[in-house]
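Return atomic coordinates for the entry below.
(one chain, ligands or ions: 2)
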Amino acid sequence: MTSAVYLIFGATGDLARRKLFPAFYSLYRERKLGDRFAVIGLARRPRTNEQFRDDLHQSIEEFARYKVTKDEQWDSFAEHFQYMSLDINNVDGFKQLRELTDTLDAKFDVGGNRLYYLALAPELFGSVSHNLKEGGLLESAGWNRLVIEKPFGYDLQSAEKLNAEIRQVFEEQDIYRIDHYLGKEMVQNINVVRFANAFFEPLWNNKYIANIQITLSETVGVEERGGYYDHSGALRDMGQNHMLQMLAIMAMEPPSRMHPEDIRDEKVKVFRSLRGFQTGAEVRANTVRGQYAGGTVKGQQVRAYRDEDSVNPESTTETYFAARVFVDNFRWAGVPFYIRTGKRLPVKTTEVVVEFKNVPDNVYLSRKHKLEPNLLVFRVNPMEGIYFKMNAKQPGSEGTVVPVAMDFCQSCQVGLNTPEAYERLIYDAARGDSTYFTRWDEVALAWKYVDKIAAEWGADGLQLYGAGTWGPEKAQQLLAEDGFRWWPVNGQDEGEVAWETGRTLT
Ligand SMILES: NC(=O)C1=CN([C@@H]2O[C@H](COP(=O)(O)OP(=O)(O)OC[C@H]3O[C@@H](n4cnc5c(N)ncnc54)[C@H](OP(=O)(O)O)[C@@H]3O)[C@@H](O)[C@H]2O)C=CC1
Ligand SMILES: O=C1O[C@H](COP(=O)(O)O)[C@@H](O)[C@H](O)[C@H]1O
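Numbers count the residues shown, from 1 in each chain. Ligands and ions are numbered 1, 2, ... in the order given. Sure thing, here's the model as predicted:
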């Protein structure tokens with residue numbers, strides 16, 4: 001349990017409402033916050049403390065894993081929350097903020113620890129850091145940590161500028177860059193499965209693995225986020241961060257210790273080994289770029305991206321991208337990693353599929369059924385689990401070989417109420433554990449890789465795909481060229497939707 005004052009910049013925004021406040025409530029209910037903490041919500045619009053706590057209540061009712069069941073329980077939680085109206089560009093406001101922070105620090109016996117959570121547009125990160133220093137907030141007796149949201153820049157150049165501004169005030173070790181996929185249970189489980197089992201590590205290389213497929217598919221469209229997304233697109237929004245991070249976790253060498261810096265060092269080696277594209281022709285041959293047209297998703301008619309209210313009607317921004325990525329090192333030489341993500345696809349799912357090579361000179365190959373390759377599948381969300389597909393004799397047959405599944409469904413056992421990524425990440429930042437946050441060198445290398453793709457893409461090559469389909473046909477060809485195909489997600493045929501969601505804990 002760590003005592004701290006949590007200062008949430010952007011407290012009236014979408015992220016705070018949907019993710020951060022519910023995470024605080026879960027941490028409180030699980031006694032991970034203790035009683036020695038205070039939360040200050042900060043944004044420009046005026047709010048009384050009562051209004052702020054009402055907003056808090058609503059957000060928890062709507063989005064939290066735990067529901068508020070008793071008034072006393074709510075009161076004892078809500079008394080830790082205060083609101084202050086503050087314009088980030090006004091340094092005088094930060095002097096008042098220091099007074100409020102000191103007062104709450106003393107009231108809740110916090111001991112000078114401060115966690116600054118920037119749920120803000122990145123353009124404001126530099127000003128906040130500067131004004132925190134000017135306002136004297138960083139002179140407290142305890143630690144001062146900065147948690148920042150993605151996107152961390154638009155490209156390498158802007159990320160470097162942003163980083164330099166923040167580093168004028170905070171040391172790298174006190175900067176916690178969020179990639180919320182790293183907070184997901186099953187992403188964290190990949191390392192455990194790889195490094196705590198005898199039977200995977202010997203096979204985890206180019207001798208036995210044919211390819212690895214990473215899918216992050218969403219059914220939602222751009223919603224009201226066009227202002228940000230139309231400028232960013234799928235490559236920057238999901239590729240530079242979540243997808244490359246998952247790829248690095250799949251590909252990294254075992255760290256010598258499970259220490260944050262050792263783990264991050266191993267991921268950096270993977271980023272350094274990514275085969276960068278040298279020419280436009282290489283980019284075109286290895287990537288696919290799409291934008292959704294109108295169509296039907298989960299039985300609902302939906303409009304085209306360009307017809308969305310918050311989007312430029314002539315937009316050439318991609319809402320889908322796929323790529324064939326190579327990690328040029330001893331372990332992975334020659335093994336393609338296929339990654340794809342898109343909005344308005346048929347199902348919401350995140351899965352990592354490891355396709356193994358077939359056994360050599362297989363005695364069953366002459367039989368009438370072609371052998372399916374072994375698959376190991378990490379189901380990250382919304383379903384959580386591990387699925388292993390292997391071949392076995394069909395009972396009662398004369399030796400017919402059929403694929404069978406060993407299916408560990410984590411969410412079936414503990415429900416879909418495993419901790420939300422944001423709970424884990426806020427808790428880790430408060431404990432000073434940076435394992436599941438991205439270090440600057442990882443971010444910079446990921447931008448370098450992505451920038452080359454973005455530079456060669458231009459507006460050319462954008463392919464429209466119908467909402468509710470699996471994206472442009474070229475994404476299928478990308479694998480077909482190598483003799484592979486995308487495996488159906490959720491172990492089901494494409495188009496079928498799987499899992500029940502949402503169980504409420506009381
Ligand atoms: N929403 C999401 O699901 C996700 C968001 N993110 C990232 O989190 C960050 C926040 O996103 P989101 O919550 O959606 O954005 P919103 O636009 O919903 O909220 C922005 C917040 O910033 C405040 N703000 C803006 N300008 C100022 C200022 N000058 N001074 C003080 N406060 C200011 C706004 O309050 P007010 O207008 O009252 O000042 C508001 O509370 C972004 O970087 C986004 O990319 C990342 C992943 C997911
Ligand atoms: O970071 C982002 O992630 C979400 C998808 O997150 P998930 O946890 O729901 O899978 C995506 O919708 C958004 O565009 C992106 O900014």
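
and stretch 142-149, is it in reach of ligand 2?
No: residues of stretch 142-149 contacting ligand 2 under Cβ under 6 Å from any ligand atom: none, with a closest distance of 9.0 Å. Any C-beta I mention is one placed from the backbone N, CA and C, and that applies to glycine too.

Report the buried residues of that stretch.
144-149 (16 or more other Cβ atoms under 10 Å).

Just give the closest residue to the closest residue to ligand 2 within the chain, not the sequence neighbours.
With Cβ to the nearest ligand atom, the shortest gap between the chain and ligand 2 falls at D237, namely 4.8 Å. Nearest residue to D237 in three dimensions, chain neighbours excluded: Y229, at 6.3 Å (Cβ to Cβ, 6 or more residues apart in numbering).

which residues sit in contact with the one you found?
With contact set as Cβ atoms under 8 Å, 6 or more residues apart in numbering, Y229 has these partners: 222, 237, 311, 317.

Quick check: which element contains the last one?
Just to be clear, that refers to T317. Assigned by DSSP states H and E, T317 falls within no helix or strand.

separation between it and P22?
Per Cβ to Cβ, to the nearest Å, T317 is found 30 Å from P22.

same thing with A444?
Distance from A444 to P22, by Cβ to Cβ: 32 Å.

One more: W486?
According to Cβ to Cβ, W486 stands 34 Å off from P22.

which of those two has more neighbours?
Per other Cβ atoms under 10 Å, whichever of W486 and P22 has more neighbours is P22, with 23 against 19.

Neighbours of the nearest residue to that one once chain neighbours are set aside, how many?
Counting by Cβ to Cβ, 6+ apart, A64 is the residue found nearest to P22 once chain neighbours are left out, at 3.7 Å. A64: 20 surrounding residues under other Cβ under 10 Å.

what does D71 give?
8.

Helix or strand: which one has the residue in the stretch 301-450 of the chain that ligand 1 sits nearest to?
Among the residues of the stretch 301-450 of the chain, Y422 lies closest to ligand 1, at 9.5 Å counting by Cβ to the nearest ligand atom. Assigned by DSSP H and E, Y422 belongs to helix 421-431.

For that helix, enumerate the helices and strands it packs against.
strand 4-9, helix 21-29, strand 114-118, strand 144-148, strand 175-177 (3 or more Cβ pairs under 8 Å, 6 or more residues apart in numbering; DSSP states H and E).

and the third one, anywhere near ligand 1?
Put plainly, it is strand 114-118. No: for strand 114-118, no contact with ligand 1 is found by Cβ under 6 Å from any ligand atom; the gap never falls below 7.5 Å.

The helix or strand encompassing Q157 near ligand 1 at all?
Element membership of Q157, judged by DSSP H and E, is helix 156-167. No: using Cβ under 6 Å from any ligand atom, we find that helix 156-167 stays clear of ligand 1, coming within 11.3 Å at best.

and that helix with strand 144-148, angle?
Calculated by axes from the mean of the first three to the mean of the last three Cα atoms, to 10 degrees, helix 156-167 forms an angle of 160 degrees with strand 144-148.

list the buried ones in helix 156-167?
Buried-residue list, helix 156-167, by 16+ other Cβ under 10 Å: 156, 159, 162-163, 166.

how far off strand 114-118 does that helix point, in degrees?
Using the same axes, to 10 degrees: helix 156-167 against strand 114-118 is 150 degrees.

neighbours around E123, how many?
E123: 10 neighbours (other Cβ under 10 Å).

So what does it have for phi and psi?
phi -60, psi -20 (degrees, to the nearest 10).

same question, the one 10 residues further on
For K133, the backbone dihedrals (degrees, to the nearest 10) come out as phi -70, psi -50.

Spatially nearest residue to it, not counting backbone neighbours?
For K133, the nearest residue in space outside its immediate sequence neighbours is V169; the separation is 5.0 Å by Cβ to Cβ, 6+ apart.

What are the boundaries of the strands in the stretch 201-350 of the chain?
Taking DSSP state E, counting those that start in this stretch as the test, the strands found in the stretch 201-350 of the chain are 209-217, 287-297, 300-302, 320-326, 336-342, 349-356.

Using TSV, please lay out the ones you listed together with distance to P254 and mean neighbour count.
Compiled in TSV, the strands of the stretch 201-350 of the chain are given as follows (distance: least, Cβ to Cβ, whole Å; neighbours: other Cβ atoms under 10 Å):
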stretch	distance to P254	mean neighbour count
strand 209-217	16	22
strand 287-297	30	22
strand 300-302	44	14
strand 320-326	21	24
strand 336-342	19	24
strand 349-356	16	22
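
So which residues of the stretch 401-506 of the chain form helices?
Listed in chain order, the helices of the stretch 401-506 of the chain (DSSP state H, counting those that start in this stretch) span 410-414, 421-431, 440-457, 473-480.

mean confidence score for the first one?
Spelled out, that is helix 410-414. Confidence over helix 410-414, taken as the mean pLDDT, stands at 72.
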